[in-house]
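J.: have a look at this prediction, sequence included:
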Amino acid sequence: MDTAPNHTNHVNVTPGGSGAAQAAHGQANYALELKDLRKRFGKTEIIRGVNLAVRAGERVAIIGPNGAGKSTLFNLISGRFEPTSGEVLLNGHRINGKRPFEINRLGLSRSFQITNIFPKLSVFENLRCGVLWSLGYKYTFLKFLANLHDANARADALMKMIRLDTKRDVLAVNLTYAEQRALEIGITIAGGANVILLDEPTAGMNKSETERFIELIKEVTVGKTLLTVEHDMGVVFGLADRIAVVVYGEVLAFDTPDAVRANARVQEAYLGSSVADAQAEGH
Ligand SMILES: Nc1ncnc2c1ncn2[C@@H]1O[C@H](COP(=O)(O)OP(=O)(O)OP(=O)(O)O)[C@@H](O)[C@H]1O
């Protein structure tokens, strides 16, 4: 559990608009907090009392063996699953029990790998959809028209950030895999959420694509809070300020990469061979 009483990181204004105000009042020390979070499927408790406090602006990687509960944690945070007990706080507000779209509008955005992408829409159109949807104008045509100009400008800016401006009118289906993943990140950040969840963002990429992509993720999430679920230790150590090691539904360690690497319990439970592999690959 993090014990840092305060931090100076900037909290972005979210579509919900509450982050900056809370920071100003000193109420929200953390962008995301999990408090004694538990999830049971039938008789089996899969998440077994997780406590985690993520500072605003921090990049956190969640690692752990297969079946440890990493995806379940993401599903609890993003509202896909409701916890059996415990709390999830976003910018100091309790969000468990809320639906995924409500949580999204409160400033948390999750990538679903490439499934957020509309394959038959262009890069620009995909990004504009992301901007408009997150603002809640999906079904309000007059508002849609009024805000189209702003949405176009925001989509253009996002396109440059993710380096797809030369592919503006290319249909998403015709992009390379790495470009589709970049577009996915663009859509994920389109609404200005200040907490971003990425599920194995570099999965399926080769080494040089992965290295470029880590840099891209760092750039586009500056000032935001980032949580990733990750198996690739090169990505973990290249991206994360802190690492949460989840083993059998519990957080075994939550610390800096160096401290996690040196943690004997983590070595024993999980990390030994993975770190050795990553070091052998030159990470
Ligand atoms: N909807 C569900 N119903 C029942 N059991 C589930 C459900 N979702 C996950 N589980 C179980 O919870 C456990 C943790 O699964 P989870 O997918 O969260 O692990 P993970 O750490 O993300 O694994 P991996 O690294 O393999 O993706 C597994 O035993 C899984 O079978």
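T.: That came in fine, so what should we check first?
J.: and for S122, the neighbour number?
T.: Neighbour count of S122, defined by other CB atoms under 10 Å: 17. All C-beta atoms are positioned from the backbone trio N, CA, C, and that covers glycine.
J.: number the residues from 203 up from this point.
T.: All right, first residue 203 from here; so that's S324.
J.: what distance do you get for it to the ligand?
T.: Using CB to the nearest ligand atom, to the nearest Å, S324 is found at 32 Å from the ligand.
J.: state the distance from that residue to S287.
T.: Per CB to CB, to the nearest Å, S324 is found 45 Å from S287.
J.: what is the neighbour count of S410?
T.: Applying other CB under 10 Å, we find 9 residues neighbouring S410.
J.: A395 is in contact with N306, correct?
T.: Yes - contact criterion CB atoms under 8 Å: N306 and A395 qualify, at 6.8 Å.
J.: so which elements touch the helix or strand hosting S273?
T.: Assigned by DSSP states H and E, S273 belongs to helix 272-280. Secondary-structure packing of helix 272-280 (3 or more CB pairs under 8 Å, 6 or more residues apart in numbering; DSSP states H and E): strand 232-243, strand 246-257, strand 261-265, strand 310-312, strand 397-401, strand 427-431.
J.: and the angle from that helix to strand 261-265?
T.: 140 degrees (axes from the mean of the first three to the mean of the last three CA atoms, to 10 degrees).
J.: strand partners of the following helix or strand past helix 272-280, parallel vs antiparallel please.
T.: Following helix 272-280 in sequence order, the next helix or strand is strand 287-292 (DSSP H and E). Strand 287-292 has its sheet partners listed here by DSSP bridges as strand 232-243 (antiparallel), strand 295-296 (antiparallel).
J.: state the mean pLDDT of the helix holding S273.
T.: The average of the pLDDT scores along helix 272-280 is 95.
J.: list the buried residues for that helix?
T.: Buried residues in helix 272-280, counting neighbours by 16 or more other CB atoms under 10 Å, are found at 272-280.
J.: over to stretch 446-454?
T.: For stretch 446-454, by 16+ other CB under 10 Å, it's 446-449, 451, 453-454.
J.: let me have the residues you listed in TSV, adding pLDDT and distance to R356 as columns.
T.: Below are these laid out as TSV (pLDDT from 0 to 100; distance: CB to CB, whole Å):
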residue	pLDDT	distance to R356
A446	96	32
V447	94	37
V448	94	35
V449	92	41
G451	95	39
V453	95	36
L454	93	40
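J.: show me where pLDDT drops low in the stretch 303-452 of the chain?
T.: Where the stretch 303-452 of the chain drops to pLDDT under 70, the residues are 314-317, 336-349.
J.: need the residues of it near the ligand, please.
T.: Neighbours of the ligand within the stretch 303-452 of the chain, by CB under 6 Å from any ligand atom: none found.
J.: ranges for the helices of the stretch 303-452 of the chain?
T.: Applying DSSP state H, counting those that start in this stretch to the stretch 303-452 of the chain gives helices spanning 325-337, 343-363, 379-391, 409-422, 435-441.
J.: related to what we said a few turns ago, give me whichever of the strands paired with strand 287-292 is most buried.
T.: Comparing the strands paired with strand 287-292 by mean neighbour count (mean count of other CB atoms under 10 Å), strand 232-243 ranks first with a mean of 20.
J.: what's near enough to touch the spatially most central residue of the chain?
T.: Centrality entry for the chain: nearest residue to the mean C-alpha point is L399, 1.4 Å, by CA atoms, centre = their mean. By CB atoms under 8 Å, 6 or more residues apart in numbering, the residues touching L399 are 276, 279-280, 310-313, 429-430.
J.: great, nothing more from me.
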